[in-house]
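1. Generate coordinates for the sequence data below:
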Amino acid sequence: MESSGAADSFSSDLSTLSLTIFRRRSSAGIPIEQQYQINFLGLTAFDKTYKEKMWVLCYQIGRAFVATALWDIPTHGYYNSERHKEDRLRNTFESLRVAELLIRVSEQIPEAEQNQVKEKLSFYDGTNPQLEVEARCLFDEAKKLADDETLQNYYQLREKLLQEADENISYTSSKDDIQENLKSLAQSGFFHSSISSFSSFRNDSQTTASNLSWQNLSYPTLDDVTQDFSKNLEREHFFQSIPIPVGALGRQRSNVFPVKIMQQQLWEDWQALKNEGKIIFSAMSTFQGKYPSSTNGCTVIAPLLVMHHLFGDGHGIADAKIDEVIDKEAAAILPQVRSQLGLTKDALIIPSDVHDYMIKEGYFNQDQFAGVCGGNITNEEDINKIHSMLDENGKNKGKKLAAALFFHGHVIAILKTNFPDGRISYDVIDSLPSALTITGTKDESGWEKCAARITCKDTESFITTLKWYAFSRFSDGDCEYIAAYEWDEKYATFDPRVFQLFVWADS
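-> Got it, this is the predicted structure:
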């Protein structure tokens, strides 16, 4: 039983504090191969903690891996893509192996420690079943996900795998090795993407464990969780506790970053420029998703708008063309792109795949691609990179320029227009803006959903619009995270501030 020795020594060496982890749900905009890679890193930690008989920690990491493998990753639009078949098969095979080992792990956890684990979970009914029941439910669900061939392969190897796991159990501590492994996991983003709240359990799930009440599930919200950003407590916040080496998860701010104050200030600045006539808001007659055929079509809509701007005569594109791109052109292309990539019907397509498709199909020429940049959208230098990428210098001198901005799981178009008299303007076109972006409030009661064209008549108004757009996209949880933690490239994939800009020029 794990009550002293390696486990206690390891935990006390790391920290006596309880780490509460906020699991940012996997974003469709994050490449699925990266999600697989990060989750597979958890297998090493699971196997090592199993070997060292660190049963509680082993159970927590194993549960995180299995839940992500079963409910998070399969929701990604690229899950059934043929190019990810090898990872998909490994994902289901390993979820079977780990889930069955969790049954054994649960039997090794003393009742007192089981109660500590279960106190952090909120989906048990009054019968308070043992963790073994939960583990068996996970194994049942893993069998449902696996195809016949994978299930057959697993049962052919099952006895060997279980025997090898038991034979590898160590009776000497390797806490330093495990601590280093946990640190690597933390730095990879595993604890951002893989610690599961079990929010994906379905109320209609069928399970052989009749004493587990799926109908009475309740989940904690951010408001239910006491937040502690003291300098000794590592990030983030939700309700799952795992000891992480201090310093493994990045740089905490010495002073709280005033996100909400900046959000309000940027709204006021944006409104002031609108009142001066330097920013003009135009509502379109449609929006992405008004018709089902354009759902999740922003990654196609934005580059199509870029194309029309670059190839069109005169200055800019008409509002009617924007409506046509959203309702007709994108709706016609989206099924073709998804079909070629083997994606689900309404999958959000990764921008680079859209660009590859559009070059292949002749919408753009390869030599029109003017560059890409990315970074932290709240950083002044990175915002200026967006502006400089759209400046007609060097090889782009005298050319029309336009860009697709990928940020916060959404893509918008930026169209720059040069007038004969030397004036410039920028059209920021969002096919599905939030109520907050346009009205300054989250209250949608007086907000009629529509695509938006925001015309910025000079560089100042354009930069202010970019800043306000970025801060208006942040959720309350994002704001709390940004307020407490500095930008760190290692965690960019899961950071709400990360952006990518794809710039194109006319021929």
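2. chain center to stretch 311-328, what's the gap?
-> Between the mean C-alpha location of stretch 311-328 and the chain-wide mean there is a distance of 31 Å, by CA atoms, centre = their mean, to the nearest Å.
3. who's in contact with that stretch?
-> Residues external to stretch 311-328 that are found in contact with it (CB atoms under 8 Å, 6 or more residues apart in numbering): 282, 284-288, 290-291, 294, 297, 301, 304-305, 308-309, 415, 417-419, 425, 427, 429, 431, 451, 453, 506. For the C-beta atoms, the positions are set from N, CA and C on the backbone; glycine is no exception.
4. buried subset of those?
-> The neighbour-count criterion (16 or more other CB atoms under 10 Å) marks 284, 286-288, 290, 294, 297, 301, 304-305, 308-309, 415, 417, 425, 427, 429, 431, 451, 453, 506 among those as buried.
5. Out of those, name the ones that lie in strands.
-> Among the buried ones among the contacts of stretch 311-328, the members falling in strands (DSSP state E) are 415, 417, 425, 427, 429, 453.
6. Can you list the helices and strands that the helix or strand hosting residue 154 packs against?
-> Using DSSP states H and E, the element containing residue 154 is helix 148-167. Taking 3 or more CB pairs under 8 Å, 6 or more residues apart in numbering; DSSP states H and E as the contact definition, the neighbouring helices and strands of helix 148-167 are helix 85-108.
7. Which residue ranges of the protein form strands?
-> The residue ranges that make up the strands of the chain, judged by DSSP E, are 20-21, 240-241, 279-283, 369-376, 401-407, 410-418, 424-430, 452-456, 498-505.
8. And the nearest residue to residue 31 once chain neighbours are set aside, how far from residue 144?
-> Excluding its sequence neighbours, the residue lying closest to residue 31 (CB to CB, 6 or more residues apart in numbering) is residue 350, at 6.3 Å. The span separating residue 350 from residue 144 equals 28 Å under the rule CB to CB, to the nearest Å.
9. Kindly report the same for residue 292.
-> Plainly put, residue 292 is 28 Å away from residue 144 if you go by CB to CB.
10. Those two: who's more crowded?
-> Taking neighbours as other CB atoms under 10 Å, residue 292 and residue 144 compare with residue 144 leading, 12 against 9.
11. re earlier: can you list the strands of the chain in JSON lines and add distance to residue 81 and mean pLDDT?
-> JSON lines is the format used below for those (distance: least, CB to CB, whole Å; pLDDT from 0 to 100):
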{"stretch": "strand 20-21", "distance to residue 81": "29", "mean pLDDT": "25"}
{"stretch": "strand 240-241", "distance to residue 81": "30", "mean pLDDT": "35"}
{"stretch": "strand 279-283", "distance to residue 81": "36", "mean pLDDT": "96"}
{"stretch": "strand 369-376", "distance to residue 81": "23", "mean pLDDT": "92"}
{"stretch": "strand 401-407", "distance to residue 81": "19", "mean pLDDT": "94"}
{"stretch": "strand 410-418", "distance to residue 81": "20", "mean pLDDT": "94"}
{"stretch": "strand 424-430", "distance to residue 81": "28", "mean pLDDT": "95"}
{"stretch": "strand 452-456", "distance to residue 81": "32", "mean pLDDT": "97"}
{"stretch": "strand 498-505", "distance to residue 81": "21", "mean pLDDT": "93"}
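12. Determine which of the ones you listed approaches residue 334 most closely.
-> strand 410-418 (12.9 Å; CB to CB).
13. Please name every helix or strand in contact with the closest one.
-> Of the remaining helices and strands, those touching strand 410-418 by 3+ CB pairs under 8 Å, 6+ apart are helix 298-311, strand 401-407, strand 424-430.
14. what number of residues lie near residue 316?
-> Residues within reach of residue 316, counting by other CB under 10 Å, total 17.
15. gap between the spatially closest residue to residue 76 that is not a sequence neighbour and residue 381?
-> Counting by CB to CB, 6+ apart, residue 76 lies nearest to residue 32, which is 4.7 Å off, once chain neighbours are set aside. As defined by CB to CB, residue 32 lies at a distance of 31 Å from residue 381.
16. What of residue 152?
-> The separation that residue 152 has from residue 381, given CB to CB, amounts to 55 Å.
17. Comparing the two, which residue is more hemmed in?
-> Neighbour tally, residue 152 and residue 381, criterion other CB under 10 Å: the higher count belongs to residue 152, 11 against 8.
18. where does the more buried one land on pLDDT?
-> In the predicted model, residue 152 carries a pLDDT score of 92.
19. again with residue 309
-> Taken from the predicted model, the pLDDT recorded for residue 309 is 94.
20. residues in contact with it?
-> Counted by CB under 8 Å, 6+ apart, residue 309 has contacts 316, 317, 400, 402, 413, 415, 427.
21. burial measure for the fourth one, as a count.
-> It stands for residue 402. With neighbours defined by other CB under 10 Å, the count for residue 402 comes to 28.
22. The fifth one now?
-> Here the count is done by other CB under 10 Å, and residue 413 has 27 residues near it.
23. Provide the partner residues of it in its beta bridges.
-> On DSSP bridges, the residues paired with residue 413 through beta bridges are residue 404, residue 429.
24. Next up, the contacts around it.
-> 301-303, 305-306, 309, 402-405, 427-429.
25. try it again with 10 Å
-> By CB atoms under 10 Å, 6 or more residues apart in numbering, the contact set of residue 413 is 298, 301-309, 317, 322, 325, 402-405, 427-431, 453.
26. State the distance from it to residue 426.
-> In this view, residue 413 and residue 426 are 10 Å apart by CB to CB.
27. and what of the first one?
-> Spatial separation of residue 316 from residue 426 under the definition CB to CB is 10 Å.
28. list the residues that contact both of those two?
-> Here residue 316 and residue 426 have 415, 416, 417, 455 as joint contacts, going by CB under 10 Å, 6+ apart.
29. Quick check: the farthest pair among those?
-> Taking CB to CB as the measure, the shared contacts of residue 316 and residue 426 span a maximum distance of 11.3 Å, between 416 and 455.
30. Which residues are in contact with each of those two?
-> Counting by CB under 10 Å, 6+ apart, the shared contacts of residue 416 and residue 455 are 316, 425, 426, 427, 462.
31. Tell me how far stretch 431-451 lies from the chain's centre.
-> Shown here is stretch 431-451, whose average C-alpha point lies 23 Å from the average C-alpha point of the whole chain (CA atoms, centre = their mean).
32. Which residue, other than its chain neighbours, is closest to residue 43?
-> Counting by CB to CB, 6+ apart, the residue nearest residue 43 is residue 94, at 6.0 Å.
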